[in-house]
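*Asks:* got a predicted structure here, sequence first:
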Number of protein chains: 2
Amino acid sequence: MCEEENRVVFEISQTDLLGKTGQFTTLQKRKIRTPNLFPVVDPRRQEIPPEEMHREFKVEGIITSAYLSKKRDIVEQAIESGGIHEWLGFPGLIMMDSGAYQLMAYGDVDIGEEETIRIQESLGPDIGVPLDMPILPTTRKEEVASRIETTIERVCRLASIVRREDIIWTLPIQGGRFSDLMQTYLDKIMAKGCFSFYRFYALGSVVPVMISYDYETLVTMMETARKNIPNTYPLHLFGAGHPMMFALATAMGYDTFDSAAYILMAKDGRYLTTQGTYGIKELEDFPCYCKQCISLTPKEVRKLNKTEQIEFLARHNLYVSMGEIRTIRQAIREGRLWDLVRDRSRAHPKLFDGVQKLISSPRLIRELQQGTPTTKSSSLNVFDKEDAQRPELFINYVSLASKEKQQARVIILGDNASTYHLVQAHIKKKGMEEDPYVFHPIVGLVPLELADTYPVNQIVFTKTAAKNSWNLRLDAALKFLQQYEKVIIEKGGETAWGEQIMHHLEKNLGSQMQTS
Amino acid sequence: MCEEENRVVFEISQTDLLGKTGQFTTLQKRKIRTPNLFPVVDPRRQEIPPEEMHREFKVEGIITSAYLSKKRDIVEQAIESGGIHEWLGFPGLIMMDSGAYQLMAYGDVDIGEEETIRIQESLGPDIGVPLDMPILPTTRKEEVASRIETTIERVCRLASIVRREDIIWTLPIQGGRFSDLMQTYLDKIMAKGCFSFYRFYALGSVVPVMISYDYETLVTMMETARKNIPNTYPLHLFGAGHPMMFALATAMGYDTFDSAAYILMAKDGRYLTTQGTYGIKELEDFPCYCKQCISLTPKEVRKLNKTEQIEFLARHNLYVSMGEIRTIRQAIREGRLWDLVRDRSRAHPKLFDGVQKLISSPRLIRELQQGTPTTKSSSLNVFDKEDAQRPELFINYVSLASKEKQQARVIILGDNASTYHLVQAHIKKKGMEEDPYVFHPIVGLVPLELADTYPVNQIVFTKTAAKNSWNLRLDAALKFLQQYEKVIIEKGGETAWGEQIMHHLEKNLGSQMQTS
């Protein structure tokens, strides 16, 4: 990929974990903010007109399909009207899928490798997709290996097939649940020099994994793809359906999603929320305050005819989905994406397992740490044991300290931020000593000069978190302090931990310790 | 209180924890659903007209104040217009506070004990409040003791002062953070026979506790009040401000709240969400999809003049607050109030501490269990260690079993619901034995006949929950099984725990054990 061009098309403003807010500009000069969601739009029949999506729902990009355009027989008419933007009446970004997945799933209309490119070029979307070979969770490994070879051939052939220069082409990332094959796939494309032709990247074959709620596998797939694509390149997740998982995907570095869930779920009488899905039949009150849900009660919606009911639910589902995108963008800006991911993980036990897989792996935390700012203006909440593993806190404070010194002064810190000031006043009064540390129940020993900097000075923690953390931290502190010949302990601030910590140190440091 | 009358005014339909959905009918025949929120309305100036609150926001009840009616000098005009409902143009329930709190906080307008009753009776709200003596967190205990004596006198005198018979009078519950004094207060009112005059009950003096985020004290106060008022009587929480804590208060048995937060926060440029509060200045995207937030961007709102900005924020804040009420009602109906309380607890570390105080106390869990249905149609999610303490699971399964038997058959269960069917098929094939149990990683040993009933058959758990729970449960199982002369173990279903459990039992039961 040409860095010059990349800079033009994808500007990143803020990051948090591997999530980022940015602006993506297409070669046709359409702009979208990221992260963003492209609702799936049928090229013939739309329950919510694309123009309304843009005006009312603030949808900036949509996705449609070459396969469906052929199946619905709209290609000629759309060309006559001036292209896909005019045909759909949508002024924002349009991505057009080749239809590979539908081809595999339904296979009722055939579409060839070159034909899908011709349809896309004649309709002129902002982003196109070559015809790749999707993979099901049931596809055997040998078959997957053979399918990715075909996709590699097609992906590498694309440069010689395309004619238009104003369409951004997507590199589909295949391999399914086989990380090794996904790696092989990407390595081969790189080795063949085909990678640089693409300016947009998309992980495919995740829908069946998500349908079975296998979020642990999804996390592995998302990680494998992301670590191969620099985090400054735009990465799309094909078929990321439910708003409850947008935050997780964003945190793992995915910038755009497409989803048909808003309409598919509506047709099935289902009502989306960021905390799960309801059947319209089980609702007596809408747990929502969108324009739709304040206008009618569930009982009234059940009395609508089928079409009206679908339109009602589709609109609600789309409000929630687009609202979640805004919530994610805001969370990135204020450095709270971790909190949002953890909140959303309680939507389903299997989503929780997926998020746990991400946040309990030191290797993955180090990856998340790369995008996490080293300073934030917001408070850093630590609710439980898992939050103590936040990338902001993934610092070995004592390793930052020199171990050459012979004497350490440890100050016991209290359980809230205000005690830092007490400690500082205390220090000032007594005069500084060599190697002073404070002990914080969440992060343990911290060199004094870092105690009033981010993140230590912005940690707000629960009693549960402190209880889970402080004796682990104390053990580590002891191990470190035992290297010193002499340790002087002072109690600063009023703290429930103070007495216990003092007692513990006294018992274990013995003659090394002095109380000042 | 007359039970007959009580039944007429407060009909309960569903319960979960101590939360309940119901319908409350006033003596003036106005109906509200519960739980519900009464937005605070100034009798003179309203940023959102009460009529619009009713029509657009589906507000069913509001609260205003006798003190403010006097201060704003609207009493005569309101009487002329026909009463407070006509004056405010609000057709729903109107509660009118005496103004005791404002009197204490501002004291700029004086209002007497009898005067507040006369104002209320002349304006005719559905619910009135006598002039009690509020308590601040800084009020010394001796002073609190003296204040509650004054309130007791006034509360007991009310019956002889009132003239109108169509106003429901509220018993304010005082004592502040001193549970013993609150108990004394209620005992004395009961002993003096003044309790039965009241049909509505309200915990007061919580605002200062909430302003300092002292949710642990709030939980104690809420518990003391609730356990003295039968859960079938309507209980109000005065000044329950932030929507993030409505679910907690509902779970502890509170049916209605009043809040000025929507407008006070708006005047301060603050934007409420169920997960916390934002300053309008820090927002670039509204994390929301209400009618307001899809119409303008934060940047556009910042450009509005001050009045327009307040009106915008007040409307958003009210949408969120009323939406949370609907979310809570729906959560009660489907038996997911516990999940909602736990979700909301992550809005602030101190709210989390308050919720922990509630859910980590076996005594309080037993109280919550009283309202929790013994069977639910929804799945029972267990995400973490705390969820394993859910009241639905607060059953000692082995104590339900007879210990007279000489032989037990234990079947190792898998980690998902489907394995129950495998176990059942297995049992059927082998024929039943004496005292069969299954071992479930979350609840431990369960008599087989209960294994396919609620809650065991509806538990959906995370790997984290199982990891935290299963060896504790195994220890308890061992202790129980050691009473038997012979234990026969069978493995049913495919399970990761199976092998480990088998090994553990083998090691510890020794010669007692047989593998079938």
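*Replies:* Structure received.
*Asks:* distance of the residue in the stretch 51-200 of chain A positioned nearest to chain B from B:R270?
*Replies:* Across the stretch 51-200 of chain A, no residue is closer to chain B than A:K58, which sits at 6.5 Å (CB to the nearest CB). C-beta coordinates here come from the backbone N, C-alpha and C atoms, glycine included. With distances defined as CB to CB, to the nearest Å, the gap from A:K58 to B:R270 amounts to 23 Å.
*Asks:* ok, the two, which is more surrounded?
*Replies:* A:K58 (19 against 16; other CB atoms under 10 Å in any protein chain shown).
*Asks:* which residues does the residue of the stretch 51-200 of chain A closest to chain B contact?
*Replies:* With contact set as CB atoms under 8 Å, 6 or more residues apart in numbering or on different chains, A:K58 has these partners: A:M322, B:I294.
*Asks:* need the three-state assignment for it.
*Replies:* Put simply, A:K58 is coil when judged by DSSP: H, G, I helix; E, B strand; the rest coil.
*Asks:* quick one, grab the pLDDT at it.
*Replies:* According to the prediction, A:K58 has pLDDT 96.
*Asks:* over to A:T375?
*Replies:* The predicted local distance difference test score for A:T375 is 88.
*Asks:* quick check: nearest residue in space to it, chain neighbours excluded?
*Replies:* Across the structure, with CB to CB, 6 or more residues apart in numbering or on different chains as the measure, the residue nearest A:T375 apart from its sequence neighbours is A:Y454 (4.3 Å).
*Asks:* the spatially closest residue to A:V443 that is not a sequence neighbour: what's it in contact with?
*Replies:* By the measure of CB to CB, 6+ apart, the closest residue to A:V443 outside its immediate chain neighbours is A:L393, 5.7 Å from it. The neighbours of A:L393, taking CB under 8 Å, 6+ apart as the test, are A:L380, A:V382, A:I442, A:V443, A:P455, A:I459.
*Asks:* now, those residues that are in strands?
*Replies:* A:L380, A:V382, A:I459 (DSSP state E).
*Asks:* please name every helix or strand in contact with the host helix or strand of A:Y67.
*Replies:* Taking DSSP states H and E as the criterion, the element that holds A:Y67 is helix A:66-71. Helix A:66-71 makes packing contacts with strand A:93-97, helix A:100-105, helix A:113-123 when contacts are defined by 3 or more CB pairs under 8 Å, 6 or more residues apart in numbering or on different chains; DSSP states H and E.
*Asks:* what's the most buried one of those?
*Replies:* strand A:93-97 (a mean of 27; mean count of other CB atoms under 10 Å in any protein chain shown).
*Asks:* what angle separates that one from helix A:113-123?
*Replies:* On the basis of axes from the mean of the first three to the mean of the last three CA atoms, to 10 degrees, strand A:93-97 is oriented at 160 degrees to helix A:113-123.
*Asks:* which residues does strand A:93-97 contact?
*Replies:* Contacts of strand A:93-97 (CB under 8 Å, 6+ apart): A:24, A:26, A:30-32, A:38, A:60-67, A:69, A:84-85, A:88, A:120, A:123, A:125-129, A:170, A:236, A:238, A:258.
*Asks:* buried subset of these as a ChimeraX selection?
*Replies:* One line in ChimeraX is enough to select the buried ones among these; burial here means 16 or more other CB atoms under 10 Å in any protein chain shown:
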select /A:24,26,30,32,38,60,61,62,63,64,65,66,67,69,84,85,88,120,123,125,126,127,128,129,170,236,238,258
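*Asks:* near chain B, which residues of the stretch 201-350 of chain A?
*Replies:* Within the stretch 201-350 of chain A, the positions near chain B by CB under 8 Å from any CB of the partner chain are A:275, A:278, A:282-291, A:293-294, A:319-320, A:322-323, A:326-327, A:329-331, A:333-334, A:339, A:342-343, A:345-346, A:348-350.
*Asks:* in helices, which of these fall?
*Replies:* Per DSSP state H, helices hold the following members of those: A:319-320, A:322-323, A:326-327, A:329-331, A:333, A:339, A:342-343, A:349-350.
*Asks:* of those, buried ones?
*Replies:* With neighbours counted by 16+ other CB under 10 Å, those contain buried members at A:319-320, A:322-323, A:326-327, A:329-331, A:333, A:339, A:342-343, A:349-350.
*Asks:* in the stretch 101-250 of chain A, where is pLDDT below threshold?
*Replies:* Scanning the stretch 101-250 of chain A with the threshold set as pLDDT under 70 gives no residue ranges.
*Asks:* go again using 90 as the cut-off
*Replies:* Applying pLDDT under 90 to the stretch 101-250 of chain A flags the ranges A:101-111, A:134, A:136-139, A:205, A:207-208, A:210-211, A:231, A:241.
*Asks:* need phi/psi at whichever residue of it sits closest to chain B.
*Replies:* Of all residues in the stretch 101-250 of chain A, A:E216 sits closest to chain B, at 8.6 Å by CB to the nearest CB. For A:E216, the backbone dihedrals (degrees, to the nearest 10) come out as phi -70, psi -40.
*Asks:* my guess is it contacts A:G354, does it?
*Replies:* Yes: A:E216 is in contact with A:G354 according to CB atoms under 8 Å; the separation is 5.1 Å.
*Asks:* the two: which has the busier surroundings?
*Replies:* When A:E216 and A:G354 are compared for neighbours, A:G354 comes out ahead with 25 against 18, by other CB under 10 Å.
*Asks:* skip the chain neighbours and tell me the closest residue to that one.
*Replies:* Nearest residue to A:G354 in three dimensions, chain neighbours excluded: A:Y215, at 2.6 Å (CB to CB, 6+ apart).
*Asks:* what helix or strand is A:A159 located in?
*Replies:* Here A:A159 sits within helix A:141-161, counting by DSSP H and E.
*Asks:* alpha carbons of that helix, as CSV, please.
*Replies:* What follows is helix A:141-161 as a C-alpha-only set of coordinates in CSV (Å, rounded to 0.1, in the frame of the first residue of the first chain):
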residue,chain,number,x,y,z
LYS,A,141,-9.2,-27.9,7.0
GLU,A,142,-8.1,-29.5,3.7
GLU,A,143,-11.0,-27.8,2.0
VAL,A,144,-10.2,-24.5,3.6
ALA,A,145,-6.6,-24.8,2.4
SER,A,146,-7.9,-25.3,-1.1
ARG,A,147,-10.4,-22.5,-0.9
ILE,A,148,-7.8,-19.9,0.2
GLU,A,149,-5.6,-20.9,-2.8
THR,A,150,-8.5,-20.0,-5.1
THR,A,151,-9.1,-16.8,-3.3
ILE,A,152,-5.4,-15.9,-3.5
GLU,A,153,-5.4,-16.5,-7.3
ARG,A,154,-8.5,-14.2,-7.7
VAL,A,155,-7.2,-11.6,-5.3
CYS,A,156,-3.9,-11.4,-7.3
ARG,A,157,-5.7,-11.4,-10.6
LEU,A,158,-7.9,-8.5,-9.7
ALA,A,159,-5.4,-5.8,-10.7
SER,A,160,-5.4,-7.0,-14.3
ILE,A,161,-9.2,-7.2,-14.5
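*Asks:* beyond that helix, next helix or strand please.
*Replies:* Sequence-wise, the next helix or strand beyond helix A:141-161 is strand A:168-173, with elements assigned using DSSP H and E.
*Asks:* ok, then the element right after that following strand?
*Replies:* Stepping forward along the backbone from strand A:168-173, the first helix or strand reached (DSSP H and E) is helix A:179-191.
*Asks:* and A:Y201, what element?
*Replies:* Applying DSSP H and E as the criterion places A:Y201 in strand A:200-203.
*Asks:* packing partners of the helix or strand following that strand?
*Replies:* The helix or strand immediately downstream of strand A:200-203 is helix A:207-211, counting by DSSP H and E. Counting contacts by 3+ CB pairs under 8 Å, 6+ apart, helix A:207-211 packs against helix A:215-228.
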